[in-house]
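**Student:** Sequence unavailable; structure follows:
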Ligand SMILES: [Zn+2]
Ligand SMILES: [Zn+2]
């Protein structure tokens, strides 16, 4: 079967091919892979830490270059995290880990969900607010996050460091 291609569809095909080429030309380089694996190790350790009692059951844990969110949880019980958690202070990284774990019990952001979060992390609210203000004021580029990380001090992070 032969289709006559409309010029526009020819054009859109060209764009698709260009995008594919860009994707290939921009391979996930080794720095990204290193960051991703470092983030994975940290996140898995914290998932285990917050799930010592085995309250949460999750399946696959994926670390991605997620553009818009720090983490997500699927209805199938798969957890996804951004590799950029590596560049967050430990207290904020922990908040995201706990947030996604709690979605395994309540998938939406209802009052019930926040109750579960509060049980696991009583001071979650301040951590959430700090994260939002970072997003709004300094942004989420690796450079800004690294700078913030190096200048950040808080009692939760100090406690965590004391344990290491
Ligand atoms: Zn959520
Ligand atoms: Zn902190």
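**Tutor:** That came through fine. From a predicted model like this one, the values you see are computed outputs, not experimental measurements. Numbers count the residues shown, from 1 in each chain. Ligands and ions are numbered 1, 2, ... in the order given.

**Student:** contacts, neighbours, all on C-alpha from now
**Tutor:** Will do.

**Student:** Give me every residue in this structure lying close to ligand 2.
**Tutor:** Applying C-alpha under 5 Å from the ion, we find that the chain lies next to ligand 2 at 91, 154, 157.

**Student:** Tell me the buried residues in stretch 52-66?
**Tutor:** 56, 61, 63-64 (16 or more other C-alpha atoms under 10 Å).

**Student:** Give me the contacts around stretch 52-65.
**Tutor:** Stretch 52-65 has contacts (C-alpha atoms under 8 Å, 6 or more residues apart in numbering) with 36, 39-40, 76-84, 101-102, 104-105.

**Student:** Could you pull up the mean pLDDT of that stretch?
**Tutor:** Mean pLDDT, computed over stretch 52-65, is 96.

**Student:** now the end-to-end length of that stretch.
**Tutor:** 28 Å (C-alpha to C-alpha, to the nearest Å).

**Student:** Quick one: name whatever helix or strand follows the helix or strand of the chain with the lowest mean pLDDT.
**Tutor:** Here the helix or strand of the chain ranked lowest by mean pLDDT, DSSP states H and E is helix 7-25, holding a mean of 53. Once helix 7-25 ends, the next helix or strand along the chain (criterion: DSSP states H and E) is helix 30-50.

**Student:** tell me what that next one is packed against?
**Tutor:** Packing partners of helix 30-50 (3 or more C-alpha pairs under 8 Å, 6 or more residues apart in numbering; DSSP states H and E): strand 61-64, helix 90-103.

**Student:** which one of the ones you listed is the most hemmed in?
**Tutor:** Greatest average neighbour count among the helices and strands packed on helix 30-50 goes to helix 90-103 (a mean of 22), per mean count of other C-alpha atoms under 10 Å.

**Student:** Which other helices and strands does it contact?
**Tutor:** helix 30-50, strand 71-73, helix 111-120, helix 124-137, helix 155-163.

**Student:** Between helix 155-163 and that helix, find me the angle.
**Tutor:** 100 degrees (axes from the mean of the first three to the mean of the last three C-alpha atoms, to 10 degrees).

**Student:** for the record, mean pLDDT for helix 90-103?
**Tutor:** On average, helix 90-103 scores 98.

**Student:** so how far is residue 72 from residue 105?
**Tutor:** With C-alpha to C-alpha as the criterion, residue 105 and residue 72 are 13 Å apart.

**Student:** between those two, which one's more packed in?
**Tutor:** A count of neighbours by other C-alpha atoms under 10 Å puts residue 72 above the other of residue 105 and residue 72, at 20 against 16.
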